[in-house]
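Student: Got a sequence here, can you build the structure:
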Amino acid sequence: NLDEFVRIIRASANRNEAKARLMEKFTISERQTNAILDLRLYQLTGMEREKIEEEYAGLMVLIEGFREIIGNESRLLEVIKDELLEMKEAYPSPRRCIITEAEGDIRMEDLIPNDGCVITITKNGFIKRTSVDEYRSQHRGGKGVIGSGQREEDPIDQLFTANAHDTMMFFMDNGRVYVEKVYEVPEGKRDSKGRSIVNLLQMQKGEKVAAMVCVEDFEQPVSLVLCTRKGVVKKTHLSAYRNHRKGGLIGINVDEGDAVLEARKTTGEDHILILTHNGKGLRFHENQLRNQGRVTRGVRGIRLREGDHVESMLVVDDERLLLIAGANGLGIRTEFSAFLPRGG
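Tutor: Sure thing, here's the model as predicted:
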């Protein structure tokens, strides 16, 4: 075909025409065509043609050898063995580092940064995890930013801050408790709707999240105090919840018509304050509550009058002030010391 290549090139007016005619005549690529056009005339002599043919034959033998290696596993292993022996002879010095089996298991926490995040749950049960970097500090008169994708039809019901490696305890209104790592909560943007919490927790029908508590581990020397709408309180050591499971645990036996309202961590030296719908408040030391097992009812924490119910329970911090806001928009700010221990 070399004579035909020369004839087409000599008959062409310029390089581009010769390139087009060669690609039209023969099934060759543009790169091969450019290589042919770049050939010097001395390479068309008999001796040079023999070199090209020998090179072509050598390449075909090499390709056939590669195909044999790829298609034959035993041949492939033999080649690998030979190459490893060659490397062993080329580098005879002993290895300086020691190769051992991995010690310990790789936990999910090792692969996830322990960043701060905000957990929100809406009235309709949509949950999401948002990085604290999504929010910025603003002055007192700032307008704020959108924190939920469904602001009017599905407002936020629960909001909590935690670190990604922390453990979240979800207390249901019927007394059951579900435990999940914070990083397992679906992540979303500030203005996203989130995902239904039933996709995260194996909740029973009709359950609703009443409170959330964040803990680092279950060996901390703290207790959990639960309070119901009808004023029943119960104190349980945190370690009682360490053997948790996906299906949830019983945190408190709730009476018919009652519901869990709050859950708080206490250190053993804290005071508890219970506030009712009619504006009553009761403060007492937590040592008046003994640690009970999980599957118990608890004791009466406050005596309620007819038509009244508990609105909130919190741990007293005498270094801070308490702000109480009413449904009519009126509010009062007072010191915790205004509520005397064991008094109203």
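Student: can you give me the end-to-end distance of stretch 276-290?
Tutor: Using Cα to Cα, to the nearest Å, one end of stretch 276-290 lies 23 Å from the other.
Student: buried residues in it?
Tutor: Of all the residues in stretch 276-290, those buried under the rule 16 or more other Cβ atoms under 10 Å are 276, 280-284, 286, 289. Any C-beta I mention is one placed from the backbone N, CA and C, and that applies to glycine too.
Student: Need those in a markdown table (columns: pLDDT and secondary structure).
Tutor: Listed next are the buried residues of stretch 276-290 as a markdown table, based on pLDDT from 0 to 100; DSSP: H, G, I helix; E, B strand; the rest coil:
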| residue | pLDDT | secondary structure |
| --- | --- | --- |
| 276 | 93 | strand |
| 280 | 89 | coil |
| 281 | 89 | strand |
| 282 | 91 | strand |
| 283 | 92 | strand |
| 284 | 92 | strand |
| 286 | 92 | helix |
| 289 | 92 | coil |
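Student: by contact count, what packs against the longest helix along the chain?
Tutor: The longest helix of the chain (DSSP state H) is helix 46-71. Secondary-structure packing of helix 46-71 (3 or more Cβ pairs under 8 Å, 6 or more residues apart in numbering; DSSP states H and E): helix 73-90.
Student: coming back round to it: could I get the buried residues of stretch 276-290 in JSON lines, plus columns for distance to residue 227?
Tutor: As requested, the buried residues of stretch 276-290 are arranged in JSON lines below (distance: Cβ to Cβ, whole Å):
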{"residue": "276", "distance to residue 227": "11"}
{"residue": "280", "distance to residue 227": "14"}
{"residue": "281", "distance to residue 227": "13"}
{"residue": "282", "distance to residue 227": "11"}
{"residue": "283", "distance to residue 227": "13"}
{"residue": "284", "distance to residue 227": "12"}
{"residue": "286", "distance to residue 227": "12"}
{"residue": "289", "distance to residue 227": "11"}
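Student: now, which of the residues you listed sits nearest residue 307?
Tutor: residue 276 (10.3 Å; Cβ to Cβ).
Student: How much space separates the nearest residue to that closest one once chain neighbours are set aside from residue 254?
Tutor: The shortest distance from residue 276 to any non-neighbouring residue, by Cβ to Cβ, 6 or more residues apart in numbering, is to residue 308 (5.1 Å). Here residue 308 is placed at a distance of 18 Å from residue 254 (Cβ to Cβ, to the nearest Å).
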